[in-house]
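Visitor: Here is a sequence together with a model predicted from it:
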4 protein chains.
Amino acid sequence: MRNTLGHNITLTLFGESHGPYVGATVDGLPGGVKVDEDNIRALLAKRRPHGDGETPRVEKDEFQIISGVFNGYTNGEAVTIIIPNTNTHSSDYQSNLARPGHADYVANEKYHGFQDYRGGGHFSGRITAAIVAAGAIVLDMLAAKQIAIGAHIEQLGTIKDARFDPIFPEIEQVNAKDYPTIQDLAATMQAEAEYAGTEHDSIGGIVEAAIKGLPIGIGETWFSSLDGELANAMLSLGAVKGIEFGAGFELASMKGSEANDPLWMEADKAITTSNNAGGVNGGMSNGMPVIYRMVIKPTPSIGIEQNTVDMKAKENATIAVKGRHDPAIVRRIVPVVRALSAFVVADLLSLQYGREYFAK
Amino acid sequence: MRNTLGHNITLTLFGESHGPYVGATVDGLPGGVKVDEDNIRALLAKRRPHGDGETPRVEKDEFQIISGVFNGYTNGEAVTIIIPNTNTHSSDYQSNLARPGHADYVANEKYHGFQDYRGGGHFSGRITAAIVAAGAIVLDMLAAKQIAIGAHIEQLGTIKDARFDPIFPEIEQVNAKDYPTIQDLAATMQAEAEYAGTEHDSIGGIVEAAIKGLPIGIGETWFSSLDGELANAMLSLGAVKGIEFGAGFELASMKGSEANDPLWMEADKAITTSNNAGGVNGGMSNGMPVIYRMVIKPTPSIGIEQNTVDMKAKENATIAVKGRHDPAIVRRIVPVVRALSAFVVADLLSLQYGREYFAK
Amino acid sequence: MRNTLGHNITLTLFGESHGPYVGATVDGLPGGVKVDEDNIRALLAKRRPHGDGETPRVEKDEFQIISGVFNGYTNGEAVTIIIPNTNTHSSDYQSNLARPGHADYVANEKYHGFQDYRGGGHFSGRITAAIVAAGAIVLDMLAAKQIAIGAHIEQLGTIKDARFDPIFPEIEQVNAKDYPTIQDLAATMQAEAEYAGTEHDSIGGIVEAAIKGLPIGIGETWFSSLDGELANAMLSLGAVKGIEFGAGFELASMKGSEANDPLWMEADKAITTSNNAGGVNGGMSNGMPVIYRMVIKPTPSIGIEQNTVDMKAKENATIAVKGRHDPAIVRRIVPVVRALSAFVVADLLSLQYGREYFAK
Amino acid sequence: MRNTLGHNITLTLFGESHGPYVGATVDGLPGGVKVDEDNIRALLAKRRPHGDGETPRVEKDEFQIISGVFNGYTNGEAVTIIIPNTNTHSSDYQSNLARPGHADYVANEKYHGFQDYRGGGHFSGRITAAIVAAGAIVLDMLAAKQIAIGAHIEQLGTIKDARFDPIFPEIEQVNAKDYPTIQDLAATMQAEAEYAGTEHDSIGGIVEAAIKGLPIGIGETWFSSLDGELANAMLSLGAVKGIEFGAGFELASMKGSEANDPLWMEADKAITTSNNAGGVNGGMSNGMPVIYRMVIKPTPSIGIEQNTVDMKAKENATIAVKGRHDPAIVRRIVPVVRALSAFVVADLLSLQYGREYFAK
């Protein structure tokens, strides 16, 4: 389906950037899952722009849970969260000029000109606020099962952070930070983003994520594989143009004898002494941390004049994108990656162990 | 679902490496799609090992279409193809020693020791023979709509081929070759593979694929996006550990002004004068060629002794994998990539235009 | 999935009877489908209680479309409609006493006591307001394709209406009526309902529905059949306990020579001169009107004292249901049947012809 | 999807009546489920015609399990069973004359004349052999969880059997019989069928099914309800034209005070002292036996001359159906009802408790 992720525990998204609300419906949670609104607020805060080198469009994200929660716990039915869009400047947007790097032109063709062009409509990063709000509940639900999901900025423009330790990823450390990096790079990275902004340009980067605590064997052979489902979820983010697991693209130049992860008995379970597989064999979790990296393209909305087309006049044109944009959105994507990953993991767990696995 | 890909036009896989058959069921094709068994044979031949630097297990792949085809055309019902497994040496496989880099240990844990361990069972590349046989029908169906899908070996070990021209990918050229590369690299790459074999080791590489002729707007926003569905399909292959679209991971170091693809009117449609997006905006086809790259890990089955575990005794052990293995399977994955991509494309087209789109 | 109906054009429901809102998300509609809020209001009005022999809980149903519609037309994205619950008397409901005929006890067991027990929570007929609001859009979309869906009260308690003419069902006639019957039975039926109310009891009945204008061949063989999908949708209504198509259960006593519908050429298409099949052969529409009947059980909430259990004390108890209830809800279910049927039909059409079938 | 039933544990069907094989793929079973081929043979035998008043087309049903089973137990992967079609007389079938009551004309329109018309192709009852073979495995799997599914002929033509005791249905008794009725009616019913045959006509009837041992709360609110999913599965059988649960259509004339099932504490669970709900409240199992009735239309293939159309010449014609047909197929549908019901129940259980629920 279009806006629905998952099979048994599902996330459905709705809303447009400049419509009254964006929202998400989470279905398939059992009764009795604790819903902590402060944790939702905290994760939304991590997604919110912080000023320096980020958009001045600041949304309060005053979400409302309108179904599925009763007295602070899930009641077993679909949980729907809506978040009002308040700080919109629709006049910044023109219906006729396609913004290069955006879905404007494609949406205009696909929807015969009926799409909501304001702020990118449904193709806007604004929708990810709903993913984050809903995902906070699922991240808490997984935490109660000792499953932790963390992510950090591995690269922003030319600045590179360290990578996660493949055996003991620093999940708690990066999740605790307001500017999620392993090394202390907040100031340097923010400066890089601000500088791009002063040039009316933008930069991209890489987000690295890790999941630990997954039981062995999560993920379905062939077409609902753990890596395949995570890849589908991540690439659904318009800014993500690639994903790799474990040693990823470096495996192309490795020998089997270097790439294979040797096994070793630890108590009654086998571990691997390296993690080039990124915790996934045959599409299933192997008990080691799941490690994956997503490339984030530079924000397409830039002030520099670019060639484009007038979709109404069907003629060539130029555009210098107005509006309030992030020269870099990499940091803001980090909580979105964690939230989306939580849905994939919870859904695959539920296929194996059922929804009751998460019940009190 | 586990073994099913797609929503409206679906592929379901079954079979184990050393069972009587591997097979595939394709559901959702309209009546009247031509089924050319010679084209199925031809695509299966491209997947078959060619000796030099490839496994001596050669299967005749004498497939049988047991449903869904009547008088040479689809009859509107599920098409099932079965392929017998004839050339099996099950004695090469031990049930207790997990092969590093394989799913053996995970399968043993997930299936409580009931998995078919012979030749990797359902986690074997042998299953891809069924994907290729079924995919040949869908590739022909797409060709009738002027949609072409090609793939080549962009890298094998240390040897690199050119990349596809992002605007005019050399699809017909590489598809016509027995050893699919853009440059003339067959001998060099085969030597690289053979050499790895003499060392009882293995190598990996990169496969690059391209789709042209797709209408604009194919792919579903957010969670059935064109890139997301392709990524899910590709990562379902155990050997694939990463995927990138267009400029892919290079986008991390690019500026928005470099990464954005400028639009330009050509007749009544807009094209882009570069293709860093790999033909995908907002998860939908933008009318340009869809270009994506998959990293293939080195074949995990190697003769070199490696540390592993004895799954029955629950103790450490070493293994030097016996059996007949490919030191490199990259060439053999190329037709699998084309076949799986065909299913993704046909399914997404059918959601937009219906199955009737493909009817005579 | 739990609350989602359909494959390509989907309906997702959320909300509880005494929560802030009930709502529905419709996904998969193309851009450019006209959305007429007056028609939504009109259909909601048909579902609203009218006083005589119906609940005094009257909701204004002031719905709000919060996504997917732009300038009066669908914008191609998920359409979400929310309806506030205003007129609630939660104090009428006790958390410990299970109401016989309701899902109270089952929900308490399934959701471990975390369910929202107020007014039946998500198991309340209140949710059908969201089905009706969303369905009005789809009914209009089908009408633009000359597909009409009608329903009437075939039986209320002991009072029986005529059945639809199986070849020329009186769809427009019954849809136009405030009290949908073929014969003039409003007063008699309302009296029957009122009388049951005065006895603190309730009555049930039968709703008959008809669809005309469907192309031939809609519905998927075996497991997404037209009749199967309609049955699944109808039985999702807690009050519906059975469904039959065409001659239905009377077929058990008929001979093949009486039951078979003879074919007859009319222009270039064949019609049948009888319609015992109810317009469905082999799970697919055959071009004749689709005719089906649903039995509606008597409203379970009655004032008469009944044996039940105290779910907290785990002991026997008695209950005389308080609160404001309908002695008969049959009339109010009629627009719900039309709305749900519209979703099934639109979805199955889209699998065959694509969403574009419904685009401008 | 077309030929797939279920969400997490799925059944996919393929094959045509006169093709080489009919088959079924069952996906989602855990490793370690015992597969008893004798039980598969035994259930297939119950579906096979017995001569008197049944078709002389007798298939040996020599099924072959070609995947998913290893050493007598499921190996965790898709289980595929194929059954050869041996005893076919394709010459009995004409491609141009539509048989009234069959899907011939609809299939010809939907598939543009490419359908396999021989013996009804994929719309043939022959496909149910695959359902029965696969279902036998699932029935055994459920039995290991103390879940039993039984069915009997409640009516054949004018002959009526007793109904199941709604609280203590005689499941084992009817399942043990070769001619499944509660009362001793084999001879009478067979005579009724034979007599219809001598008149070159056919008769229908009613099959009643019961499920006991289901945990409370199985079935998903609204759109994957237990009754909705069972109805969808049953109506996928071309011969089934209606279904009712518990008191079914009789509820239309009952008062709430008669229809509601009073609750009563028994140990720590509540039972109901009547079962008019047929074991289902709010779409979920309530712990009581699930009781449902399906009407079976008379076999459409009859020797009496009927009006029909010539699909090629597009003109009126008459037909007296040749070939070897059952004047009554009600008895043969009984094991199909049990098998299909088993899939629905296993799938819904797995959504709640996971596939591991069924693992050793």
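Guide: Happy to help now that I have it. What you are looking at is a predicted structure, and each value in this text was computed from that prediction instead of being measured. Numbering: from 1, shown residues only, chains lettered A, B, ... in the order given.
Visitor: any idea of the mean pLDDT in the longest helix seen in chain A?
Guide: Secondary structure of chain A read by DSSP state H shows that its longest helix is helix A:330-353. Per-region confidence: helix A:330-353 scores 98 on mean pLDDT.
Visitor: again with stretch A:61-72
Guide: The average pLDDT within stretch A:61-72 is 96.
Visitor: Whether it contacts chain D - can you check?
Guide: No. Judged by Cβ under 8 Å from any Cβ of the partner chain, stretch A:61-72 stays clear of chain D, getting no closer than 11.4 Å. Quick note: C-beta positions are derived from backbone N, CA and C, even for glycine.
Visitor: Give the buried residues for that stretch.
Guide: The neighbour-count criterion (16 or more other Cβ atoms under 10 Å in any protein chain shown) identifies A:61, A:63, A:65-70 as the buried residues of stretch A:61-72.
Visitor: List the ones among those residues that fall in helices.
Guide: The helices, defined by DSSP H, take in nothing from the buried residues of stretch A:61-72.
Visitor: Let me know the closest of these to residue A:354.
Guide: Using Cβ to Cβ, residue A:68 comes nearest to residue A:354 of those, at 18.6 Å.
Visitor: Tell me how far the closest one lies from residue A:336.
Guide: As judged by Cβ to Cβ, to the nearest Å, residue A:68 and residue A:336 stand 21 Å apart.
Visitor: Then residue A:28?
Guide: Computed with Cβ to Cβ, the distance linking residue A:28 and residue A:336 is 21 Å.
Visitor: what's the answer for residue A:305, then?
Guide: From residue A:305 across to residue A:336, the span is 30 Å (Cβ to Cβ).
Visitor: Who has more neighbours out of those two?
Guide: residue A:336 (27 against 12; other Cβ atoms under 10 Å in any protein chain shown).
Visitor: which residue sits closest to the more buried one in space, ignoring its chain neighbours?
Guide: Nearest residue to residue A:336, sequence neighbours excluded (Cβ to Cβ, 6 or more residues apart in numbering or on different chains): residue A:128, at 4.5 Å.
Visitor: what's the neighbour count on the one you found?
Guide: Neighbours around residue A:128, by other Cβ under 10 Å: 25.
Visitor: How is it assigned, secondary-structure-wise?
Guide: Of the three states, residue A:128 takes helix under DSSP: H, G, I helix; E, B strand; the rest coil.
Visitor: OK, contacts around it?
Guide: For residue A:128, the residues meeting the contact criterion (Cβ atoms under 8 Å, 6 or more residues apart in numbering or on different chains) are A:47, A:237, A:332-333, A:336.
Visitor: State the phi and psi torsions of residue A:106.
Guide: Backbone torsions of residue A:106, given as degrees, to the nearest 10, read phi -60, psi -40.
Visitor: so how far is residue A:260 from it?
Guide: For residue A:106 relative to residue A:260 (Cβ to Cβ), the value is 42 Å.
Visitor: So for these two, which residue has more residues nearby?
Guide: In this view residue A:106 and residue A:260 are compared by other Cβ under 10 Å, and residue A:260 has more residues nearby, 29 against 25.
Visitor: rewinding a little: would you list the contacts of residue A:128 in TSV and tack on distance to residue A:217?
Guide: Shown next, in TSV, are the contacts of residue A:128 (distance: Cβ to Cβ, whole Å):
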residue	distance to residue A:217
A:47	32
A:237	27
A:332	34
A:333	29
A:336	27
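Visitor: For chain A, which residues are neighbours of chain D?
Guide: By Cβ under 8 Å from any Cβ, the residues of chain A that approach chain D are A:7-8, A:28, A:77, A:221, A:350-357.
Visitor: So which of these is the closest to residue D:81?
Guide: Using Cβ to Cβ, residue A:221 comes nearest to residue D:81 of the residues of chain A next to chain D, at 19.1 Å.
Visitor: For chain A, give me the ranges with low pLDDT.
Guide: Scanning chain A for pLDDT under 70 picks out the ranges A:1, A:51-57, A:90, A:92, A:323-324, A:360.
Visitor: For it, just list every one of the helices.
Guide: A:37-47, A:104-110, A:128-143, A:171-176, A:186-198, A:226-235, A:256-259, A:330-353.
Visitor: Identify the residue spatially nearest to the residue of the stretch 101-250 of chain A found nearest chain C, adjacent ones excluded.
Guide: For the stretch 101-250 of chain A, the residue closest to chain C is residue A:111, as judged by Cβ to the nearest Cβ, at 2.9 Å. Spatial nearest neighbour of residue A:111, excluding adjacent residues (Cβ to Cβ, 6+ apart): residue C:31 at 2.9 Å.
Visitor: now swap in residue A:192 and tell me
Guide: In space, and not counting its chain neighbours, residue A:192 is closest to residue A:157: 4.6 Å by Cβ to Cβ, 6+ apart.
Visitor: Quick check: phi and psi at that neighbour.
Guide: The phi/psi pair for residue A:157 (degrees, to the nearest 10) is phi 60, psi -120.
Visitor: From residue A:28, how far off is the residue of chain A found nearest chain D?
Guide: For chain A and chain D, the shortest gap (Cβ to the nearest Cβ) falls at residue A:354, measuring 3.4 Å. From residue A:354 over to residue A:28 the distance is 10 Å, taken as Cβ to Cβ.
Visitor: The helices of chain A: which one's closest to residue C:93?
Guide: helix A:37-47 (24.9 Å).
Visitor: who's in contact with the closest one?
Guide: With contact meaning Cβ under 8 Å, 6+ apart, helix A:37-47 is reached by A:61, A:63, A:65, A:81, A:128-129, A:132-133, A:135-137, A:139-140, A:178, A:180, A:332, A:334-336, A:338-339.
Visitor: tell me the contacts of residue A:311?
Guide: A:95-98, A:104-105, A:108, A:113, B:270.
Visitor: As CSV, those with distance to residue D:315 and neighbour count would be great.
Guide: Formatted as CSV, the contacts of residue A:311 follow (distance: Cβ to Cβ, whole Å; neighbours: other Cβ atoms under 10 Å in any protein chain shown):
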residue, distance to residue D:315, neighbour count
A:95, 55, 13
A:96, 56, 14
A:97, 59, 21
A:98, 55, 24
A:104, 55, 29
A:105, 52, 25
A:108, 49, 23
A:113, 47, 17
B:270, 52, 25
